[in-house]
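Engineer: sharing a model prediction with you, sequence too.
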Amino acid sequence: QVQLVESGGGLVQAGGSLRLSCVASGGTFSNNQMGWFRQAPGKEREFVAGITWSGGTTYNADSVKGRFTISRNNAKNTMYLQMNNLKPEDTAVYYCASQIRAVWSYWGQGTQVTVSS
């Protein structure tokens, strides 16, 4: 059973930066496509960024392009989300997730990111 644990959230002023981490255990981390999602109060969970198993291909939601960077270190079973130039509308609980056969099957517990204006 894969377990995912996020960390790195917090309170930051608009224009600031945060780096989220997601550590995986209990499975073969390096074989899985991984991603970040977020959910703001009263809104549905939305995709933020994804990365292939090798890290060679990444893709971001339009709302974060040019500001967020996803990466992974398979040797450390860890995925990252570098978030720069944060905006109040980025405030949400951020979740990491892992795909199994193209289905987002495993989820972390989430980490809160709050951006003040």
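Structural biologist: Okay, I see it. Numbering: from 1, shown residues only.
Engineer: mind checking how far stretch 69-78 is from the chain centre?
Structural biologist: What separates the centre of stretch 69-78 from the centre of its chain is 11 Å, taken as Cα atoms, centre = their mean, to the nearest Å.
Engineer: distance between the ends of it?
Structural biologist: With Cα to Cα, to the nearest Å applied, stretch 69-78 spans 14 Å between its terminal residues.
Engineer: give me the residues contacting that stretch.
Structural biologist: Outside of stretch 69-78, the residues within contact range by Cβ atoms under 8 Å, 6 or more residues apart in numbering are 21-25, 29-30, 34-36, 49-51, 53, 55, 58, 60, 79-82, 84. Every residue, glycine included, has its C-beta placed from N, CA and C.
Engineer: what ranges does this structure have for its strands?
Structural biologist: 3-7, 10-13, 18-25, 34-39, 46-51, 58-60, 68-73, 78-83, 92-100, 103-107, 111-116 (DSSP state E).
Engineer: pick out the shakiest of those strands, pLDDT-wise.
Structural biologist: Among these, strand 58-60 carries the lowest mean pLDDT, a mean of 90.
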